[in-house]
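*Asks:* fold the following and give me the result.
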Amino acid sequence: MNITYFVHDLTDPAVARRVLLLQRGGAEVSLVGFRRSSEPVPDVAGVSAIDLGPTYDGRLYHRSLSVLRHSIAARRWKEVVVKANVLLARNLEMVLMALAARAAARIDVPLVYECLDIHALQKDRGPVGQSIRALDRYVLRRSKALVISSLSFLRHYFSQLNVKLPRAILAENKRVLTDHEERPQETGELRQPPWTIGWFGNLRCSRSFEALLELAHQHPSLVNIILRGRPTEEIQTMIARHLPVHNMQYYGPYSQTDLRQMYSSCDLTWGIERYPQRGETVNWVLPNRLYEGGYYNSPTIALSGTETGDWLMARKTGFLLLTAYGVGPFIRNLTPEQYRSVRCSTEAIPTTDLVWTVDECCRFVEQLVG
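*Replies:* Next comes the predicted model:
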């Protein structure tokens, strides 16, 4: 099985996880994509990549020009398209590139649209939003399948586009385990404050940063806060301006091999994202940290009324707040006994809800080609 994978960012750890999943499912993978780094990316997870150059987070105009320019020159990577059994494209811009590559190669290989996030502009009622939705309809008519990481994307967006949808494949952002990795077993010990909160992954929510910073200042003896991952420019500015403080620090990016140490050193996983530029669409996401924290038995703090909150409620675990700023009263009132109870319920989450089994990887690859 040969899959050519078009990606928006070769440096995104989620891309490496997807490549590993496809390989575990028995696929041979070819990679074509942009990067969000100054240095070229020769390979991802051991797979050679066709590096199309840098693009920049949030700069939609620049990204659109880059996609258009490389789409015109799509015949240059004809060889990775003609050998494919399926073209898998991550996000709308890359599906357009995959369509251009397929047309340049003059073949009818199946196309799969992978949508793991809904941008606020896709719901905008103005001309920009209308244009994006028209592009989505154009792409969906030409796709054999639609991969989503949350059913909310289907309910709240794709089902409202007034277009016949292709097969929908749910692929949650669960972990892809490395060889011989086993889930930690709890000792049942009664933990005491200070409580350590870990905010890991793509750090994009300024309200979360503000709420955690306020918490660190107000309760220096009750909490330690650890940030690791890939901050946006806005969060980078806030980190440079306010950190470190003695009980809140940013430790830079991380790799998958760091996850066990990161989550094992935390009592709680910060699972809240609430930033105005995303609008309501941020409520629909099931982030990587939900599954990573669950795998390492670190209870997640989330918001009620979100897809993450509903996921936790269905498994009778987690701590749900009404707003990010409610974390102060929550921490003040959290007892060791309450914490142990929720940690035990986190440990009780079935491991198959948190990780991809080999059988699931194989089934996913089979679904891609129908």
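
*Asks:* for the strand or helix carrying Met313, list the C-alpha coordinates in CSV.
*Replies:* According to DSSP states H and E, Met313 maps onto helix 307-314. Output of helix 307-314 as CSV, limited to C-alpha atoms (Å, rounded to 0.1, in the frame of the first residue of the first chain):
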residue,chain,number,x,y,z
GLU,A,307,-16.0,18.3,23.2
THR,A,308,-13.1,17.6,25.6
GLY,A,309,-15.4,18.1,28.6
ASP,A,310,-17.9,15.8,27.1
TRP,A,311,-15.2,13.1,26.4
LEU,A,312,-14.1,13.3,30.0
MET,A,313,-17.7,13.2,31.3
ALA,A,314,-18.5,10.1,29.3
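
*Asks:* list the helices and strands it packs on?
*Replies:* Packing partners of helix 307-314 (3 or more C-beta pairs under 8 Å, 6 or more residues apart in numbering; DSSP states H and E): helix 288-295, strand 300-303, strand 319-321. The C-beta positions use only the backbone N, C-alpha and C, and glycine is treated the same way.

*Asks:* mind checking how far the shortest one is from the chain centre?
*Replies:* This means strand 319-321. Mean-position distance between strand 319-321 and its chain equals 21 Å (C-alpha atoms, centre = their mean, to the nearest Å).

*Asks:* likewise for stretch 156-171?
*Replies:* 19 Å.

*Asks:* any weak-confidence spans in the stretch 51-200 of the chain?
*Replies:* Low-confidence regions of the stretch 51-200 of the chain, defined by pLDDT under 70, span residues 56-75, 179.

*Asks:* how about a cut-off of 80?
*Replies:* Applying pLDDT under 80 to the stretch 51-200 of the chain picks out residues 55-78, 178-180, 187-188.

*Asks:* need the contact partners of stretch 112-132.
*Replies:* By C-beta atoms under 8 Å, 6 or more residues apart in numbering, the residues outside stretch 112-132 that reach it are 14, 18, 60, 86-92, 95, 133, 136, 139-140, 143-149, 153, 156-158, 166, 169, 171, 173, 277-281, 284-285, 368.

*Asks:* can you list which of these are found in strands?
*Replies:* Counting by DSSP state E, the contacts of stretch 112-132 place Val86, Leu87, Leu88, Ala89, Arg90, Ala145, Leu146, Val147, Ile148, Ile169 in strands.

*Asks:* buried by neighbour count, from the residues you listed: which ones?
*Replies:* Val86, Leu87, Leu88, Ala89, Arg90, Ala145, Leu146, Val147, Ile148, Ile169 (16 or more other C-beta atoms under 10 Å).

*Asks:* who's the third one bridged to?
*Replies:* When you say that, I think you mean Leu88. Tyr5, Val112 (DSSP bridges).

*Asks:* thinking it is in contact with Thr4, fair?
*Replies:* Yes. With contact defined as C-beta atoms under 8 Å, Leu88 counts as touching Thr4 (7.2 Å).

*Asks:* any idea how far the residue of the chain positioned farthest from its centre lies from Glu273?
*Replies:* Relative to the centre of the chain, the most outlying C-alpha is that of Arg106, 33.1 Å out, by C-alpha atoms, centre = their mean. Distance of Arg106 to Glu273, computed by C-beta to C-beta, to the nearest Å: 43 Å.

*Asks:* before we move on, what about Ser341?
*Replies:* Taken as C-beta to C-beta, the span from Ser341 to Glu273 is 26 Å.

*Asks:* columns distance to Arg35 on top of the ones in strands among the contacts of stretch 112-132, output as a markdown table?
*Replies:* Shown next, in a markdown table, are the ones in strands among the contacts of stretch 112-132 (distance: C-beta to C-beta, whole Å):
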| residue | distance to Arg35 |
| --- | --- |
| Val86 | 23 |
| Leu87 | 20 |
| Leu88 | 18 |
| Ala89 | 16 |
| Arg90 | 13 |
| Ala145 | 26 |
| Leu146 | 25 |
| Val147 | 22 |
| Ile148 | 24 |
| Ile169 | 26 |
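
*Asks:* looking at those, which is nearest Arg315?
*Replies:* Nearest to Arg315 among the ones in strands among the contacts of stretch 112-132 is Ile148, at 20.3 Å by C-beta to C-beta.

*Asks:* ok, now which ones touch the closest one?
*Replies:* Cys115, Leu116, Leu154, Phe158, Ala168, Ile169, Leu170, Ala171.

*Asks:* re the thing from before, between the helices and strands packed on helix 307-314, which one is closest to Ala348.
*Replies:* That would be, of the helices and strands packed on helix 307-314 and by C-beta to C-beta, helix 288-295, which comes in at 10.2 Å.

*Asks:* flag every buried residue along the closest one.
*Replies:* Buried residues in helix 288-295, defined by neighbour count with 16+ other C-beta under 10 Å: Asn288, Arg289, Leu290, Tyr291, Glu292, Gly293, Gly294, Tyr295.

*Asks:* specify the local secondary structure of the residue lying closest to Tyr157 once chain neighbours are set aside.
*Replies:* Using C-beta to C-beta, 6 or more residues apart in numbering and skipping residues adjacent in sequence, the residue nearest Tyr157 is Ile118, 5.3 Å away. Per DSSP: H, G, I helix; E, B strand; the rest coil, the local secondary structure of Ile118 is coil.
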